[in-house]
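**Q** this one's sequence-less:
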DNA sequence: TAGTGGTCTAGACCACTCC
DNA sequence: GAGTGGTCTAGACCACTAA
């Protein structure tokens, strides 16, 4: 450095702030290329690592995204709207539509990385489902890809004894999805609880959702309850936070 | 680099992975100090910037937290549970309790940085409240601090004409909060919509919530509707994602 | 005061993208 | 092939924390 002024805000922060201001004023719009490391070195008279650090600020704040060999670009935000309550009404899953398609009409949805199997229940799952630890659960793990962009990872767990032999243990569960099948088995879900939190992704989540740096994930854990109050399914979802707005409507 | 093996994963990623593995195996627990830059340089034979980069990975993933002059420490996760639906039943706000206290019983809650005033409505607020752009709104901006830790920023906007002269325009709104006051004014909220998303914090949010690096924020935007379907309040909240789990309960 | 992380420099080689 | 970001080195001074 070393230099400088009075109490001196770090150079890289000043550069980052200047870039943010330029974006805010519309000088750079969504998708535009920002000044690169060489530009910033020349413009501000700093070393490469310092220019890098400035660009790193914007990336870690989710404002910009680096593409190897190409440049650093302003990011966009075009979220899906996911209605947490209306999507789970009986009409939605009783009428041959999958739950997913309720909020993604007319989009190119692909479900891949499907894995269906039986495993010993993790401790926190077993507790919610009222099972003994290590008791077997049917696990359905899937990835949802919308218009070529992976947006959601879903891991659904059900007591293995409850669903043995049903379509739930197969990749394709048929019209109406697993809730319709559960109803046919006499375990119709009538109540749901969704718990929502957010954190930075693990490296596995970063890879499976193809997340650029500075993108958090939303975690939605949904528990389905039958009329007698017992939990029959726990669905742990990982959502690209840049692709989703969750909506919950309810009366006072 | 230099060097290495076959397709060579970057050194800093290997070091970061080793640290994560050590944490996962319980070698370092919540609050423990991790090996510092000097330790990593010696242990792995790398330069300072490389060791820094490895520690930076853990920080940007929210796993660790650096304290100047002290070291890098494993972070903890002790969230509050915020019930989005039960907390807004009439019993909750009709009985002299503030909405906030419903989910933070027996905790040391302080509300500070209170700012109440009248402003021209932002475009997105005006649209929801059914106002003309720049029409005045009453804005209530507050920060909630729990046990000394700031956890939530709240900005509530109401049509200025609707609430003029009422306690809503003053810092202390009285028992039951603004929903009880709105009811007294003949604008009782009967329906709510909460929209939830997540992103990395702005620098202002980082400062006001005292967020360590690698912590996203949850954005909850709640709109309150009266019986005739008109929106009477928009409350934009910014939550420390490391301090909250949102819970929504509903029937099929 | 010794050690820590925060900032910064001035070089270097690499893989990748775009022309 | 020129330019980009990704990784890495080997030094440096600083402010801060803790003993």
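**A** Looks like it came in fine. Please read all numbers here as calculations on a predicted model, not as lab measurements.
**Q** what's the angle between the host helix or strand of residue A:224 and strand B:217-226?
**A** Secondary structure assigned from DSSP states H and E places residue A:224 in strand A:217-226. Using axes from the mean of the first three to the mean of the last three CA atoms, to 10 degrees, one finds that strand A:217-226 and strand B:217-226 are set 50 degrees apart in direction.
**Q** who's in contact with residue A:181?
**A** Contacts for residue A:181 (CB atoms under 8 Å, 6 or more residues apart in numbering or on different chains) come out as A:163, A:166-168, A:173-174. In short, each C-beta sits where N, CA and C put it, glycine included.
**Q** if we go to 6 Å?
**A** Listed by CB atoms under 6 Å, 6 or more residues apart in numbering or on different chains, the contact partners of residue A:181 are A:166-168, A:173.
**Q** Could I have the buried ones of those as ChimeraX selection syntax?
**A** The following ChimeraX line selects those of the contacts of residue A:181 that are buried, judged by 16 or more other CB atoms under 10 Å in any protein chain shown:
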select /A:166,168,173
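**Q** Which pair in the contacts of residue A:181 has the greatest spatial separation?
**A** A:166 and A:173 (8.5 Å; CB to CB).
**Q** Mind checking which of the contacts of residue A:181 are in strands?
**A** Counting by DSSP state E, none of the members of the contacts of residue A:181 fall within strands.
**Q** Save the contacts of residue A:181 as TSV, and put in distance to DNA strand D and pLDDT too.
**A** Written out in TSV, the entries for the contacts of residue A:181 read as follows (distance: CB to the nearest atom of the strand, whole Å; pLDDT from 0 to 100):
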residue	distance to DNA strand D	pLDDT
A:166	46	83
A:167	44	85
A:168	42	86
A:173	40	86
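**Q** quick one: which of the contacts of residue A:181 is nearest residue A:25?
**A** Sorting those by how near they are to residue A:25, with CB to CB, puts residue A:173 at the top with 50.9 Å.
**Q** for the spatially closest residue to the closest one that is not a sequence neighbour, what are its contacts?
**A** Counting by CB to CB, 6 or more residues apart in numbering or on different chains, residue A:167 is the residue found nearest to residue A:173 once chain neighbours are left out, at 4.9 Å. For residue A:167, the contact set (CB under 6 Å, 6+ apart) comprises A:173-174, A:181.
**Q** before we move on, back to that, tell me the helices and strands packed up against the strand holding residue A:224.
**A** Helices and strands touching strand A:217-226, by 3 or more CB pairs under 6 Å, 6 or more residues apart in numbering or on different chains; DSSP states H and E, are strand A:189-199, strand A:231-240.
**Q** Packing partners of the last one?
**A** Which is strand A:231-240. In terms of contacts (3+ CB pairs under 6 Å, 6+ apart), strand A:231-240 is packed against helix A:123-129, strand A:149-159, strand A:217-226.
**Q** again, but for the first one
**A** Based on contacts counted as 3+ CB pairs under 6 Å, 6+ apart, the elements that strand A:189-199 packs against are strand A:217-226, strand B:244-251.
**Q** doesn't residue A:121 make contact with residue A:136?
**A** No - using CB atoms under 6 Å, residue A:136 is not in contact with residue A:121, being 7.0 Å away.
**Q** and the two? which has more neighbours close in?
**A** residue A:121 (22 against 15; other CB atoms under 10 Å in any protein chain shown).
**Q** Just to check, the more buried one is in contact with residue A:131?
**A** Yes - using CB under 6 Å, residue A:121 is in contact with residue A:131, at 5.4 Å.
**Q** Can you tell me the number of residues neighbouring residue A:229?
**A** For residue A:229, the tally of surrounding residues (other CB under 10 Å) stands at 8.
**Q** So it: helix, strand or coil?
**A** Assigned with DSSP: H, G, I helix; E, B strand; the rest coil, residue A:229 falls in the coil class.
**Q** Would you mind checking the average pLDDT for the strand holding residue A:224?
**A** On average, the pLDDT along strand A:217-226 is 95.
**Q** Taking strand A:231-240 as reference, get the angle to it.
**A** Relative orientation of strand A:217-226 and strand A:231-240, computed by the same axes, to 10 degrees: 160 degrees.
**Q** Other residues contacting stretch A:238-252?
**A** With contact meaning CB under 6 Å, 6+ apart, stretch A:238-252 is reached by A:79-85, A:151-153, A:205, A:209, A:215-218, B:85, B:88, B:90, B:189-198, B:248.
**Q** Check the gap between residue A:191 and DNA strand D for me.
**A** Between residue A:191 and DNA strand D the computed distance is 46 Å (CB to the nearest atom of the strand, to the nearest Å).
**Q** The strand holding residue A:224 pairs with which strands?
**A** Based on DSSP bridges, the strands next to strand A:217-226 in the sheet, each with its direction, are strand A:189-199 (antiparallel), strand A:231-240 (antiparallel).
**Q** what's the spacing between it and its chain's center?
**A** For strand A:217-226, the gap between its own C-alpha mean and the chain's C-alpha mean amounts to 13 Å (CA atoms, centre = their mean, to the nearest Å).
**Q** And stretch A:233-243, by the same measure?
**A** 5 Å.
**Q** Can stretch A:57-70 be said to contact DNA strand D?
**A** Yes - in terms of CB under 7 Å from any atom of the strand, part of stretch A:57-70 sits within range of DNA strand D, namely A:66-70.
**Q** what pLDDT, on average, does that stretch get?
**A** The average of the pLDDT scores along stretch A:57-70 is 93.
**Q** Contacts for that stretch next, please.
**A** Applying CB under 6 Å, 6+ apart, the external contacts of stretch A:57-70 come out as A:16, A:19, A:34, A:72-75, A:212-215, B:60, B:199-200.
**Q** repeat that with 8 Å
**A** Outside stretch A:57-70, the residues within contact range by CB under 8 Å, 6+ apart are A:12-13, A:16, A:19-20, A:23, A:33-34, A:55, A:72-75, A:212-216, A:242, B:60, B:199-202, B:213.
**Q** Would you enumerate the residues in contact with whichever residue of the stretch 151-252 of chain A sits closest to DNA strand C?
**A** Nearest to DNA strand C, among the residues of the stretch 151-252 of chain A, is residue A:210, at 13.2 Å (CB to the nearest atom of the strand). Contacts for residue A:210 (CB under 8 Å, 6+ apart) come out as A:149-150.
**Q** Mind pulling up the pLDDT for it?
**A** According to the predicted model, the pLDDT of residue A:210 comes to 90.
**Q** Quick check: it is in a strand.
**A** No - counting by three-state DSSP, residue A:210 is not found in a strand; it is coil.
**Q** So which of the residues of stretch A:57-70 next to DNA strand D belong to strands?
**A** Here DSSP E is the test, and the residues of stretch A:57-70 next to DNA strand D give A:66-67 as lying in strands.
**Q** Buried ones among the residues of stretch A:57-70 next to DNA strand D?
**A** Among the residues of stretch A:57-70 next to DNA strand D, those buried by neighbour count (16+ other CB under 10 Å) are residue A:66.
**Q** Filtering the residues of stretch A:57-70 next to DNA strand D by proximity to DNA strand C, which remain?
**A** Counting by CB under 7 Å from any atom of the strand, the subset of the residues of stretch A:57-70 next to DNA strand D that neighbours DNA strand C consists of A:67-70.
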